[in-house]
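S.K.: Generate a structure from the sequence data that follows.
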Amino acid sequence: MKILFLKCRYIRYTIVMLLFAPIAVSAAQGTIAVKGQSITMKQAIKIIENTSDYTFFFKASDIDDTSRKDIDCKGTIDEVLSVIFKGSDVNYVVKEHEIIIKVNKPAVSQQKKTRIISGVVTDSSDGTPIIGANIKVKGSNTGVISDIDGNYSTLNPQSYYFQRIQTLEDE
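M.R.: I've put the predicted structure just below:
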């Protein structure tokens, strides 16, 4: 049942492509022509590869395969690619018969997440607050001193961890 469904789906897709995307391409004497209605960037790339000596290198997930446009252009590889990639964030480099495609993605700021670490430093024998105790974030130069009530508060980047307890004993 599933195989029959997949075969029918493939046949329907092929018929739709033949009816709605008539494509003519030629690559003669350095001139490339791409003509088609409602084709994706990947389809245009495939057409150029099949009809010329050019080979494309790109990450499949980088190329938008959902937007379609009508393409009718003829010229050098640079002219044709500029028409195909117009309005997108795609850049390309042509080296002889190899075309390397790269997508400019907006840089995402990689800020370190911080959290506030706070607590109270007390004497373990009677629970009284300890004034002026040094509290340090391990692996960094960040540290604070407890206040008159033994309270402290510091920002701790997630890349560091906090050493919670340090016991001091009288000799």
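S.K.: buried set for stretch 119-137?
M.R.: Using 16 or more other CB atoms under 10 Å as the test for burial, stretch 119-137 gives Val121, Ala133, Ile135, Val137. Where C-beta positions appear, they are placed from N, C-alpha and C, glycine not excepted.
S.K.: which residues are contacting stretch 36-45?
M.R.: Residues outside stretch 36-45 that contact it (CB atoms under 8 Å, 6 or more residues apart in numbering) are 20-24, 34, 47, 56, 58, 60, 63-72, 84-85, 88, 90, 101.
S.K.: Which of those residues fall within strands?
M.R.: Among these, the ones falling in strands (DSSP state E) are Ala24, Val34, Phe56, Lys69, Asp70, Ile71, Asp72, Val90, Ile101.
S.K.: Pro129 and Ile135: what is the separation?
M.R.: Plainly put, Pro129 is 13 Å away from Ile135 if you go by CB to CB, to the nearest Å.
S.K.: what is in contact with these two at once?
M.R.: With CB under 8 Å, 6+ apart, Pro129 and Ile135 have common neighbours Val121, Ser146.
S.K.: ok, back up a step: which one of the buried residues of stretch 119-137 is nearest Glu96?
M.R.: Using CB to CB, the shortest approach to Glu96 within the buried residues of stretch 119-137 belongs to Val137, at 54.3 Å.
S.K.: Which residue, other than its chain neighbours, is closest to Asp89?
M.R.: Among residues not flanking Asp89 along the chain, Asn104 sits closest, at 4.4 Å (CB to CB, 6 or more residues apart in numbering).
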